[in-house]
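>>> Next input, structure requested:
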Amino acid sequence: MNRTKQIYNELLFRLDQGVYPPESKFPSESQLADEFSVSKVTMNKIVSMLASSGRLSRGVRGAGTFVSSPMLRPKGNIVFLGILSAFSGKILLGMQRECLQSGYFPVVFSPDAEELQPCLRNLNRENTAGIITTSYGLLEPPDEIELFCLDYALPYQASDPRVHFLSSDNYHGGRLLMEEVLKRGHREIAIFSSERFFLRSDAPVAPRVQGFHKALEEAGIFDYEQRTFFAMPQSISDAKIFLKKIRQANPPVTLICADSDNAAEILHKAGHELGFACPGEVALTGFGNVTCLPIATVEQNPELQGCMAARYLIQFHSGSRPETPVDEMVEPTLAGLEYIPIVR
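Below is the predicted model:
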């Protein structure tokens, strides 16, 4: 081991043992150079290495160098890569809580699609304990970095040992919600899906919509495919076409099941522009529990998903890895059922 590395390790040991307490002034480079009988240039390099690792904090010129407090010396970073939204914000909240409790720092990136791969390539692999991602599809992590895909709706095979999956059981959630709708006497039901083509133009029907369909089938309603309208993401014009269609239906539609809270809000806005109260003239449900609309919805527990994914990554970073990739589902719950009117 060369002399520079020996001195670096000795100073690191002293910092770990509390010889230089947190937030105290660190010995000057001149003092240390004299103590270890090396040049000031060599000692400047060693102190810079300690500062780069987060163990020291350099003050303004002439103020000296200080020992970092424990909060400024994380064990590693957990990176969030995702499109920022009300839903992903809850994932971040759970991730952040678990990180800070365990001495890790959350790092947040929300790049455009063309910036995604450069962002992954430029991650500092030494400091990155893992990646949590949502809304970008299935990513390939950099070498030696573990990745959790959250709320991934497309078919997949958990074959890469570094790629793990964690999401809400959306099929079960969709089925539960539709069962509650049916219990309240609704039979003239329409389904509005604006999430299907978010990642791929050839995406299959999402599990949550499959759950809607299964509950309808079990209730003896077999024309569920004709009742389902697939819109493009964020399309107000598609929402208007859908609302105009259901207003002309006979018998009249009494309730619309949207496949996300965002889709429900798009319908609400489209209805407002058409002079049609939705919810109001027709009942409405959502999916996600991230809306202020007075509607029933499915709580996917994104905060718990973020917390669990971060906890797993911290375990992996500590050396406790599973033999096979993690592939788990969080149980959904229902919220706002009082907003589903009873049909008599």
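
>>> OK, contacts around Leu255?
Under the criterion of Cβ atoms under 8 Å, 6 or more residues apart in numbering, the neighbours of Leu255 are 181, 186, 188-190, 282-285, 340-341. Yep, even glycine has a C-beta here, placed from its N, CA and C like the rest.

>>> Excluding sequence neighbours, find me the nearest residue to it.
Excluding the flanking residues, the one nearest Leu255 by Cβ to Cβ, 6 or more residues apart in numbering is Ala283, at 4.1 Å.

>>> Please name the residues that touch that neighbour.
Counted by Cβ under 8 Å, 6+ apart, Ala283 has contacts 186, 254-256, 339-341.

>>> okay if I get these as CSV plus secondary structure?
What follows is these, written out as CSV (DSSP: H, G, I helix; E, B strand; the rest coil):
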residue, secondary structure
His186, coil
Thr254, coil
Leu255, strand
Ile256, strand
Tyr339, helix
Ile340, coil
Pro341, coil
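
>>> Most neighbours among those residues, which one?
Among these, the one with the most neighbours (other Cβ atoms under 10 Å) is Ile256, at 26 neighbours.

>>> surely that one meets Cys278?
Yes: if you go by Cβ atoms under 8 Å, Ile256 and Cys278 touch, sitting 7.0 Å apart.

>>> list residues touching both of the two?
With contacts defined as Cβ under 8 Å, 6+ apart, the residues shared by Ile256 and Cys278 are 267, 284.

>>> Where does Glu225 sit: helix, strand or coil?
Per three-state DSSP, Glu225 ends up coil.

>>> which one is it nearest to, not counting chain neighbours?
The shortest distance from Glu225 to any non-neighbouring residue, by Cβ to Cβ, 6+ apart, is to His213 (7.5 Å).

>>> What distance do you get for the one you found to Phe276?
Per Cβ to Cβ, to the nearest Å, His213 is found 26 Å from Phe276.

>>> more crowded one of these two?
His213 (22 against 18).

>>> hang on, that one is in a helix, isn't it?
Yes: under three-state DSSP, His213 falls within a helix.

>>> ok, it - contacts?
Neighbouring residues of His213 by Cβ under 8 Å, 6+ apart: 205, 224-225, 228.

>>> Of those residues, which pair is most distant in space?
Spanning the widest gap among the contacts of His213 are Val205 and Tyr224, at 10.4 Å by Cβ to Cβ.

>>> okay, the two: which has more neighbours?
Comparing Val205 with Tyr224 by other Cβ under 10 Å, the one with more neighbours is Tyr224, at 19 against 16.

>>> List the buried residues for stretch 125-141?
Within stretch 125-141, the residues that count as buried by 16 or more other Cβ atoms under 10 Å are 127-137, 141.

>>> Give me the distance between it and the centre of its chain.
Centroid separation for stretch 125-141 versus its chain: 11 Å, with Cα atoms, centre = their mean, to the nearest Å.

>>> residue ranges of the helices in this structure, please?
Applying DSSP state H to the chain gives helices spanning 3-17, 29-36, 40-52, 86-102, 116-121, 170-183, 207-218, 236-247, 261-274, 302-317.

>>> Just the buried residues of the fifth one, please?
Within helix 116-121, the residues scored as buried using 16+ other Cβ under 10 Å are 116, 120.

>>> Kindly report the same for the second one.
By neighbour count, with 16+ other Cβ under 10 Å as the criterion, the buried positions of helix 29-36 are 29, 32-33, 36.

>>> what packs against it?
Counting contacts by 3 or more Cβ pairs under 8 Å, 6 or more residues apart in numbering; DSSP states H and E, helix 29-36 is packed against helix 3-17, helix 40-52.

>>> contacting residues around it?
With contact meaning Cβ under 8 Å, 6+ apart, helix 29-36 is reached by 7, 10-11, 27, 39-40, 42-44, 46-47.

>>> could you check the angle helix 40-52 makes with that helix?
If you take axes from the mean of the first three to the mean of the last three Cα atoms, to 10 degrees, helix 29-36 sits at 110 degrees to helix 40-52.

>>> what does the fourth one give?
Between helix 86-102 and helix 40-52, the angle comes out at 120 degrees (the same axes, to 10 degrees).
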